[in-house]
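Visitor: structure for this input, please:
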Amino acid sequence: MTEHARVLIAKPGLDGHDRGAKVTARALRDAGMEVIYTGLRQTPEMVVEAALQEDVDAIGLSILSGAHMPLTGRILELMAANEMADVPVLLGGIIPDEDATRLRDMGVAAVFGPGASLDDVIAAFRAAIAARRGNV
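Guide: Numbers count the residues shown, from 1 in each chain. Below is the predicted model of the structure:
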């Protein structure tokens with residue numbers, strides 16, 4: 001289960017729209033998770049450092065700027081370099097289908113587009129955290 005799960009929600013890049021990230025953070029909190037929200041305009045280095053310092057069970061990224069491929073790729077590289085490759089990354093934003101497939105191939109646990117159900121997002125976080133903890 002996801003009791004005492006710690007989740008980081010981050011807005012990497014120059015995107016200044018954070019309503020979706022805040023709504024997601026609140027939904028995860030209401031579902032019983034501890035949520036750390038980094039705020040706007042985070043670099044990949046800032047996201048990974050916060051995740052490392054907060055010892056999170058999962059990372060949620062919100063990227064609406066179109067820079068999802070390079071930003072997510074860099075975050076995954078930094079996570080691997082910091083021995084955090086087991087921490088699931090979930091991504092929401094304006095993501096073309098072909099990029100969503102590539103992102104999943106890179107190791108992203110789930111990709112959500114506009115209109116995604118919060119119930120589906122919560123379920124995906126719970127499943128990813130359970131898989132990491134070996135509670136599948």
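Visitor: show me the contact partners of the longest helix along the chain.
Guide: The single longest helix within the chain, with elements called by DSSP state H, is helix 118-133. Applying CB atoms under 8 Å, 6 or more residues apart in numbering, the contact partners of helix 118-133 are 1-2, 5, 7, 23-24, 27-28, 31, 33, 57-58, 60, 86-88, 90, 92, 109-110, 112, 136. Heads up, the C-betas are built off the backbone N, CA and C, glycines and all.
Visitor: of these, just the buried ones, PyMOL syntax please.
Guide: With 16 or more other CB atoms under 10 Å as the criterion, this PyMOL line picks the buried residues out of the contacts of helix 118-133:
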select buried, resi 2+5+7+24+27+28+31+33+57+58+60+87+88+90+92+109+110+112
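Visitor: narrow the contacts of helix 118-133 to those in strands?
Guide: Using DSSP state E, the members of these that fall in strands are 7, 58, 60, 90, 92, 110, 112.
Visitor: pretty sure the fourth one contacts Ile59?
Guide: By that I understand Leu90. Yes: Leu90 lies in contact with Ile59 (CB atoms under 8 Å); the separation is 7.2 Å.
Visitor: quickly list what's touching both of those two.
Guide: Here Leu90 and Ile59 have no joint contacts, going by CB under 8 Å, 6+ apart.
Visitor: who are the neighbours in contact with the residue nearest the centre of the chain?
Guide: In the chain, the C-alpha nearest the mean C-alpha coordinate belongs to Gly60, at 1.5 Å (CA atoms, centre = their mean). Counting by CB under 8 Å, 6+ apart, Gly60 makes contact with 7-10, 21, 24-25, 28, 89-92, 125.
Visitor: alright, I will stop here.
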